[in-house]
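Visitor: any chance you can model this:
(one chain, ligands or ions: 1)
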Amino acid sequence: MSGTQVLKGHCHCGAVQFDVVLLNGFNNIRRCSCSLCETRGAVVVSAVKEQLTVTAGQEALTLYQFNTRVAKHYFCKHCGIYTHHQRRSNPEKISINVACLAGVSPFDFPEVPVLNGREHPRDADTPSGKGKVLGHLRFIETKE
Ligand SMILES: [Zn+2]
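Guide: Numbering: from 1, shown residues only. Predicted structure coming up:
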């Protein structure tokens, strides 16, 4: 999957539809250990903010913010599914929920790195946590 390929995505109910070009394909697929990511359980990839176009359902997107309220976490108000968020570490970049991308499943990736999101790079007292891989989540297919 090349870096210029336009991928289509949608929430579970389909109210929210979007087109996106990923920043680095699926090379930086990840989960994150921050309190929100841990709770929602989403696997994400990166894009530059301008590379996301919401093609339908802009009015269905609801914003959730917490803690420093810098990051903007969007989800569909009908089905509750998280589609993407604008990052706190770099507001020019967004993270996209891999499970929302058409034809792509988080289970297509057998090993997903879990990044240290508890020690956020923007928190002055935690300068060392940026991008640190804490471990990997594995998907192991059961053959019966
Ligand atoms: Zn929805």
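Visitor: give me the packing partners of the strand or helix carrying residue 19, helices and strands only.
Guide: Using DSSP states H and E, residue 19 sits within strand 17-21. Applying 3 or more Cβ pairs under 8 Å, 6 or more residues apart in numbering; DSSP states H and E, we find strand 17-21 packed against strand 6-10, strand 52-56, strand 82-86. To be clear about C-beta, it is placed using only N, CA and C from the backbone, and glycine gets the same treatment.
Visitor: please redo it, this time with the cut-off set to 6 Å
Guide: In terms of contacts (3 or more Cβ pairs under 6 Å, 6 or more residues apart in numbering; DSSP states H and E), strand 17-21 is packed against strand 6-10, strand 52-56.
Visitor: pick the most buried one from the ones you listed.
Guide: Counting by mean count of other Cβ atoms under 10 Å, strand 6-10 has the highest mean neighbour count of these, with a mean of 17.
Visitor: shaky segments in this protein?
Guide: Within the chain, the ranges that satisfy pLDDT under 70 run 1-3, 120-130.
Visitor: tell me where this structure has strands.
Guide: Using DSSP state E, the strands of the chain run over 6-10, 17-21, 31-32, 44-48, 52-56, 61-64, 72-76, 82-86, 93-97, 111-115, 133-138.
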